[in-house]
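[1] okay, sequence plus prediction incoming.
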Amino acid sequence: MLAWQVVSLTAIASWVVISSIFNVTQKLRSLIQPWVSRHVVSGIPFILRIQKLEHKFLDGLFSLMSCVVSVPFYTGFLPLLFWSGHGKLARQMTLLMAFCDYMGNCVKDVVSAPRPSCPPVRRVTATKDEQENAQEYGLPSSHTLNTVCLSGYLLYNVLSYDQSRDSLMVLAGFALVCLAVSLIGLGRVYLGMHSLIDVISGLAMGLVILAFWLTVHEWIDNFIVSGKNVTTFWAALCFLLFFAYPTPELPTPSFEFHTAFNGVAFGIVTGIQQTYHQFHHEGVPRIFNPELTIQMFIGRVLVGIPTILLVKFCSKALAKWVLPVVLYAMGVPIRSSDYLPALNGSVNDKKSDNPKQSGYIQKIFFFSRQDSFDVDTGIRFVQYAGLAWSVVDLVPSLFAQLSL
């Protein structure tokens, strides 16, 4: 590995050990959580005033907008962006989404601040995705954070692509982004999912992350498409990021979301690094060009979507069969919170009191009280890594064979 790669990975591993020894998460939580909780409680009258506007149209509108900027939506939208010929934008938005998900969920679980109490607040969870979101902690608002970052980055790319832009176009684009962020923030409050402090925190974090990403995105992209030791480095990074994650006060789905996007990022990076010059270089045809008509794009979608869903299913099935065997062979005691419940009886018929988000690498350094490894983490990672790899490697190969 190159020197900077070794230094980066060593720094992350050192942070995991140091933060475990000095209980950094608990100390930060004890400082921040009471302050945030007071603002959540004091913000309830503001939420109730917003909810006095209650109407079925607003319920539907804000629920729909929440779905449009949710992680499942981007998971479905980003493959279409790859297949339409916008490979660079698609891979950058995928990695930015993974980074936003990691940073936002880390802060959620460090602070472990409650959402607004229901009742008196009315909470609208129209979809299964919203019901899962409601199980997470509140601060920051992930929807607000993601909207700031992804809409802001999309605007940046549109303005960079159009060199003939004028000030009116820039102003219109900026106004649309501000409108989208404002409506999402208002919607999260109206739906009872977040307090004002959550939305403001999501906005502030989003602006900071976006500014940071705009300074490093070209360097990251150059590394992925032409760097050395890309797959090895990214695999090590993903492994460490499983453990460089805070233990929340109570179990939440946040770590599951992080694991899924960690796998997506790894699958995208691995696939792009292997097939960049065949399918993802800047000279590939883009949609609405004679070489990629709308009919051809529809054909790509009809072929690609079933293929990636099949790969996701097969990856999960393979991981459920292989990972337990490998971990048993390595002498690692395992359990499963969802995928393989039969395994739980093999861990002395006892479940750990700690949530599955706990830092498993701490066990290696003798700092963890976990007596077993939740194999669901590995299964979920492999499942989503396989899905993402198929989007940028297997499916484009099928397109080439089918002349799509």
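    In hand now; what should we look at?
[2] for the rest of this, base every contact and every neighbour count on C-alpha atoms.
    OK.
[3] what about the closest residue to F233 other than its chain neighbours, how many residues nearby?
    Counting by Cα to Cα, 6 or more residues apart in numbering, F233 lies nearest to Q5, which is 6.9 Å off, once chain neighbours are set aside. Q5 is flanked by 17 other residues according to other Cα atoms under 10 Å.
[4] buried residues in the host helix or strand of Q5?
    Assigned by DSSP states H and E, Q5 belongs to helix 3-21. Buried positions in helix 3-21, judged by neighbour count with 16 or more other Cα atoms under 10 Å: 5, 9, 12-13, 16-17, 20.
[5] now do stretch 207-218
    Buried, per 16+ other Cα under 10 Å, within stretch 207-218: 207, 209-210, 213.
[6] go on, stretch 112-124?
    Within stretch 112-124, judged by 16+ other Cα under 10 Å, the buried ones are 112-117, 121-124.
[7] so where's the longest helix in this protein?
    Ranked by residue count and defined by DSSP state H, the top helix of the chain is helix 294-329.
[8] so which elements touch it?
    With contacts defined as 3 or more Cα pairs under 8 Å, 6 or more residues apart in numbering; DSSP states H and E, the packing partners of helix 294-329 are helix 71-83, strand 334-335, helix 375-389, helix 395-402.
[9] chain center to it, what's the gap?
    Relative to the chain's own centre, helix 294-329 is displaced by 19 Å; criterion: Cα atoms, centre = their mean, to the nearest Å.
[10] which parts of this structure are strands?
    With strands called from DSSP state E, the chain shows them at 334-335, 373-374.
[11] who wins for proximity to T247 among these?
    Distance to T247, taken as Cα to Cα, is lowest for strand 373-374 among the strands of the chain, at 14.3 Å.
[12] lowest-pLDDT helix or strand in the protein?
    helix 361-364 (a mean of 41; mean pLDDT, DSSP states H and E).
[13] still on that earlier bit, reformat the buried residues of helix 3-21 as TSV; add distance to Q92.
    Formatted as TSV, these follow (distance: Cα to Cα, whole Å):
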residue	distance to Q92
Q5	20
L9	22
I12	22
A13	25
V16	27
V17	30
S20	32
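[14] out of those, the closest to F73 would be?
    I12 (30.6 Å).
[15] show me what contacts the closest one?
    Applying Cα atoms under 8 Å, 6 or more residues apart in numbering, we find I12 in contact with 240, 244.
[16] model confidence for L214, exactly?
    Listed pLDDT for L214 reads 94.
[17] so it versus T144, what's the distance?
    From L214 across to T144, the span is 18 Å (Cα to Cα, to the nearest Å).
[18] quick one on the thing from earlier: and the buried residues of stretch 207-218, which two are the farthest apart?
    Taking Cα to Cα, the two most distant members of the buried residues of stretch 207-218 are L207 and W213; they sit 9.9 Å apart.
[19] the closest residue to Q273 other than its chain neighbours: how many residues sit nearby?
    Nearest residue to Q273 in three dimensions, chain neighbours excluded: V225, at 5.3 Å (Cα to Cα, 6+ apart). Counted with other Cα under 10 Å, the neighbours of V225 add up to 21.
[20] and V225, how far from S84?
    On the measure of Cα to Cα, V225 and S84 end up 19 Å apart.
[21] repeat that for E54.
    From E54 to S84 the distance is 40 Å (Cα to Cα).
[22] comparing those two, which residue is more hemmed in?
    Shown here are E54 and S84; by other Cα under 10 Å, S84 has more neighbours (23 against 14).
[23] ok, the closest residue to that one other than its chain neighbours - contacts?
    Excluding its sequence neighbours, the residue lying closest to S84 (Cα to Cα, 6+ apart) is I287, at 5.1 Å. Contact analysis of I287 by Cα under 8 Å, 6+ apart lists 84-85, 293-294, 297.
[24] okay, these in CSV with pLDDT and distance to M193 next?
    Below are the contacts of I287 laid out as CSV (pLDDT from 0 to 100; distance: Cα to Cα, whole Å):
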residue, pLDDT, distance to M193
S84, 90, 35
G85, 88, 36
T293, 88, 42
I294, 91, 39
F297, 91, 37
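[25] buried ones among these?
    84-85, 293, 297.
[26] possible to save those residues as TSV with distance to V177?
    Supplementary listing: the buried ones among the contacts of I287 in TSV, determined by distance: Cα to Cα, whole Å:
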residue	distance to V177
S84	23
G85	24
T293	29
F297	28
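[27] report the two of these separated the most.
    G85 and T293 (11.3 Å).
[28] helices along the stretch 201-350 of the chain, start to end?
    Applying DSSP state H, counting those that start in this stretch to the stretch 201-350 of the chain gives helices spanning 230-243, 254-275, 294-329.
[29] among those, show me which one is buried the most.
    helix 254-275 (a mean of 24; mean count of other Cα atoms under 10 Å).
[30] can you pull the contacts of G271?
    Neighbouring residues of G271 by Cα under 8 Å, 6+ apart: 389-390, 392-393.
[31] and it, what's its pLDDT?
    92.
[32] do the same with the one 4 residues further on
    Model confidence at T275, expressed as pLDDT, equals 91.
[33] I'd say it and V395 touch.
    No - using Cα atoms under 8 Å as the test, T275 is too far from V395 to be in contact (11.4 Å).
[34] what about F174, distance to Y153?
    Distance from F174 to Y153, by Cα to Cα: 11 Å.
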